[in-house]
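**Student:** When you get a sec, could you give me coordinates for this:
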Amino acid sequence: MQSHAFSEKALTAQQDVIKTHLDTFIEQMKKQALPAGEDEVKESGDGVLDIVQWLNFLTFDTIGDLAFGSPFGCLLDPVNNTRYVQVIFSMIKVGNYFRAARRFPSPLKQLLMLAFVPRQLEEDRKYQIQVSKDKIDERMKSETDRADFMSYIFRAKDENAMTYPEYIGAAVIFLAAGSETTATLLSGALYLLLTHPDSLERLTAEIRTYFKSEVDIDMQSTANIPFLQAVLQESLRLYPPAPNTFPRRTPAPGQVICGRFVPAKTTPGICRIEDDHVSSSMEL
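**Tutor:** Numbers count the residues shown, from 1 in each chain. This is a model prediction of the structure:
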């Protein structure tokens, strides 16, 4: 049922929502940024911006609106509305603790988690779940008929309909997968373009040649710009936003992988994005 929310038709219908937050993001950049090399700080801004932080504000507001019909307010009020952004990064750290604990015998796992996971991370985990519950409750009380992501889940009424705890789980996934990952890709793409001025110049020329006006920019038209797609694909390869692997366990007495012998009971894995760029990936 969740797949319907990510169909081309469903995403195209939400373009105006995405554009609204992009426009707000651009306006905030214009308001707060100063020309490079200018020393004095003007009243309109601080002079130096953490673009990674602001890209996260953009993606969190966007996914909040796309999924639940209401943004977090990060772009308009970053001082008071951005705790959830930081919580997502805390949850990534918690995941690393859990993965490390799995390496130990079962009786030790709980003790290790209690002993080594910082208390603040546990508080952040509770906050993440509470925010997700609040978003679900707010959306369920809303009478809007807008086709946001959760609307597709709420429509299911048969035996396959999700339970309330499953709603919470879906909300956690939507907010995590649709925010920090996109901001990470965009941050990596900007860094690569700025450190490769020839590519930046080529992409700029291609975009300005292709579009005569801002109103012409949409999901369909941007998909038809070859070099833009190449930049995004290369950024995904070099800065994968979700570099997790799908680990396997080598059998006894061992396995030859990519021409090298790997001992038994080893856990190899490859990032899914990189896997897509390897012609012989099925042989791994």
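**Student:** From now on I want contacts and neighbour counts done on CA atoms only, so please keep to that.
**Tutor:** Noted.
**Student:** the strands in the protein, which residues?
**Tutor:** Taking DSSP state E as the criterion, the chain carries its strands at 254-257, 260-263.
**Student:** So for Y167, which of those sits nearest?
**Tutor:** strand 254-257 (40.3 Å; C-alpha to C-alpha).
**Student:** can you pull the buried residues of that closest one?
**Tutor:** Neighbour counts over strand 254-257 (16 or more other C-alpha atoms under 10 Å) mark Q255 as buried.
**Student:** now swap in stretch 173-192 and tell me
**Tutor:** So, applying 16+ other C-alpha under 10 Å, buried residues of stretch 173-192: 174-176, 178-190, 192.
**Student:** Could you do stretch 129-148 as well?
**Tutor:** S132, K133, K135, I136, R139, A147, D148.
**Student:** Which two of these have the greatest separation?
**Tutor:** K133 and A147 (19.5 Å).
**Student:** so what pLDDT did K42 get?
**Tutor:** Confidence at K42, expressed as pLDDT, is 52.
**Student:** Over to the one 3 residues further on?
**Tutor:** Reading off the per-residue confidence, G45 sits at a pLDDT of 50.
**Student:** For the protein, give me the ranges with low pLDDT.
**Tutor:** 1-6, 34-47, 108-110, 112-114, 275-284 (pLDDT under 70).
**Student:** And the helices in it?
**Tutor:** Secondary structure of the chain (DSSP state H): helices located at 8-12, 15-32, 51-68, 83-101, 106-116, 119-141, 149-154, 164-177, 180-194, 197-210, 219-222, 226-238, 272-276.
**Student:** Give me whichever of those is most buried.
**Tutor:** Of all the helices of the chain, helix 51-68 carries the top mean neighbour count, a mean of 23, counting by mean count of other C-alpha atoms under 10 Å.
**Student:** Can you tell me what sits against it?
**Tutor:** Residues outside helix 51-68 that contact it (C-alpha atoms under 8 Å, 6 or more residues apart in numbering): 14, 17-18, 21-22, 25, 70-75, 78, 82, 85, 135-136, 139, 148-150, 171, 174-175, 178-180, 182-184, 186-187.
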